[in-house]
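K.L.:
structure, please.
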Amino acid sequence: MTLSSDFVGFSVALAMGLLIGAEREKSKSVEKATFAAGVRTFPLIALSGAVGQRLGPVALGIAGLFIAMAILASYRATRSADRGLTTEVAMFAAFLLGALAMSLPTTAAALGVVVAIVLLVKAPLHRFTREVLSEEELRDGLLLAAAAVVVLPLLPDRTIDPWGVVNPHKLWRLVVLVMAINAAGYIATRILGPRYGMAVAGFTGGFVSSTVTIGSMGSRARSSPKLMSACVTAALLSNVATVIQLAIVVGVLSMPLLGRIAWGLVAAGATAVVIALVYGWRTLRDADTREGTLQGRPFEPKHALIFAAVVGAILVLTGLVRAWLGEKGLIVAGALAGFADVHAAAGSVGEVVANGTATVEFGAYAIVAAFLTNTVSKLVAATAGGGGGYAMRLAPGLVLMAAAFATTLLLFRPASP
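P.N.:
Just a heads-up that it's a prediction; the model follows:
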């Protein structure tokens, strides 16, 4: 430890203690509380942790024992008027953060701010958990967290089938994405209302996966039929995000290829925007939507599993076709890859064109093939997620978007040399 590092550590410990102590002091005056620790005690506790850490393990242990006894005395003195343990736990946290500040001042400062924020938002947190958050929403949130941080890391991130296409880790990641996007749409709808929340969730979800977003919005439409127009609008807007991301992926790999397909992308994106605006206008005029009616759960795990199963079936079919035909060229490979993900297909095509293995013109046709087969996958996902009614409403937009892309690409062909 140098003098400068000691100074930084002690300064951070003091600042954190003052911040937490100021919040506790303000809370004491507002709530007419009786807890002992305030704006003077917390800085002293944090500095005790810092000094104990600087002097060594024995000093830190003695300081910790003293703080524990002080916390116990504070609780016994105030438990009749204040049955909570928030202040006592905050005292313990301030002591540990003061010790941490001597070795990791940046981390300790960040955690100190987080502690102060948690203490400050007591009323909104209590109101949210008691009055806003339902038991079903809490259960679904925990289910999503378990799927993402418990199940997903345990699955093997490699293909397990003879054709090398089925990856359990990636398929389960689709399940998590379906549930997460559906939950995001649910939250956005509760905050912004169905008129705007679903549109925002659809557009942002499209950057992750338009196909997944379409399936997720279908699940929402199935559980809340009054939100059908809003879900269709969100699904169409996800395709706008797909076009933007497709342009970025291709442009990073091959600017000549991007220049060749640029007008097709513009036509496809404009078509999706126009049709989304049509459905969006219906959403704005829909009386049921304006009322903000939201039924059902944040997401349906069964629908997410069905969607992943459909994607897995498409991948197996792709593997079978590839094994049967072999590598018949870039167009066939692009079309097969497009069933799973148009961005992955475009990325592989762009790489081939950039390496000079294929011409720009041939690469453009391969991306068209991937775009068309991806449209088929989106229609399958729409049917699996939202049923026939949802798919029929979405189909004209998807078909017109694909037709606009392919037709414009054919019309704007470069002149022969």
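K.L.:
any low-confidence regions in the stretch 151-300 of the chain?
P.N.:
163-165, 181-182, 185, 188-195, 208, 282-300 (pLDDT under 70).
K.L.:
run through the strands of it in chain order.
P.N.:
Under the criterion DSSP state E, counting those that start in this stretch, the stretch 151-300 of the chain carries no strands.
K.L.:
run through the neighbouring helices and strands of the longest helix along the chain.
P.N.:
Under DSSP state H, the helix in the chain containing the largest number of residues is helix 360-411. If contacts are counted by 3 or more C-beta pairs under 8 Å, 6 or more residues apart in numbering; DSSP states H and E, helix 360-411 sits against helix 194-223, helix 228-253, helix 255-285, helix 301-325, helix 330-338, helix 342-354. Yep, even glycine has a C-beta here, placed from its N, CA and C like the rest.
K.L.:
buried stuff in the fifth one?
P.N.:
Going back to what we said before, that points to helix 330-338. In terms of neighbour count (16 or more other C-beta atoms under 10 Å), helix 330-338 has its buried residues at 330-338.
K.L.:
check the first one too.
P.N.:
Residues of helix 194-223 classed as buried under the neighbour-count rule (16+ other C-beta under 10 Å) are 194-206, 208-223.
K.L.:
now the last one
P.N.:
By 16+ other C-beta under 10 Å, the buried positions in helix 342-354 come out as 342-343, 345-350, 352-354.
K.L.:
and the angle from it to helix 194-223?
P.N.:
Angle of helix 342-354 versus helix 194-223, following axes from the mean of the first three to the mean of the last three C-alpha atoms, to 10 degrees, is 110 degrees.
K.L.:
and helix 342-354 with helix 360-411, angle?
P.N.:
120 degrees.
K.L.:
and the contacts of helix 342-354?
P.N.:
Contacts with helix 342-354, where a contact means C-beta atoms under 8 Å, 6 or more residues apart in numbering, come from 242, 245-246, 249-250, 252-254, 256-257, 330, 333-334, 337-338, 358-360, 362-363, 366-367, 370-371, 374.
K.L.:
got a list of what the nearest residue to Thr41 once chain neighbours are set aside touches?
P.N.:
Of all residues not flanking Thr41 in the chain, Gly21 sits nearest, at 6.5 Å (C-beta to C-beta, 6 or more residues apart in numbering). Counting by C-beta under 8 Å, 6+ apart, Gly21 touches 37-43, 94.
K.L.:
what's the per-residue pLDDT of Gly21 here?
P.N.:
pLDDT, Gly21: 89.
K.L.:
in which helix or strand does it reside?
P.N.:
Per DSSP states H and E, Gly21 falls inside helix 3-31.
K.L.:
flag every buried residue along that helix.
P.N.:
8-10, 12-25, 27-28.
K.L.:
tell me how the chain divides into domains.
P.N.:
Per automatic domain parsing, the structural domains of the chain span 3-128, 134-411.
K.L.:
which non-adjacent residue is nearest the most centrally placed residue in the chain?
P.N.:
Per C-alpha atoms, centre = their mean, the C-alpha nearest to the average position across the chain is that of Ala180, at 6.3 Å. Leaving out its chain neighbours, the residue that sits closest to Ala180 by C-beta to C-beta, 6+ apart is Leu144, at 6.4 Å.
K.L.:
over to the one you found. Which of the three states is it?
P.N.:
Under DSSP: H, G, I helix; E, B strand; the rest coil, Leu144 falls in the helix class.
K.L.:
for the nearest residue to Ile306 once chain neighbours are set aside, grab the count of nearby residues.
P.N.:
Leaving aside its sequence neighbours, Ile306 sits nearest to Ala384 (C-beta to C-beta, 6+ apart; 5.6 Å). Residues lying near Ala384 (other C-beta atoms under 10 Å) number 20.
K.L.:
wait, Ala384 touches Ile214, no?
P.N.:
No: applying C-beta atoms under 8 Å as the test, Ala384 and Ile214 come out as separate, 9.7 Å apart.
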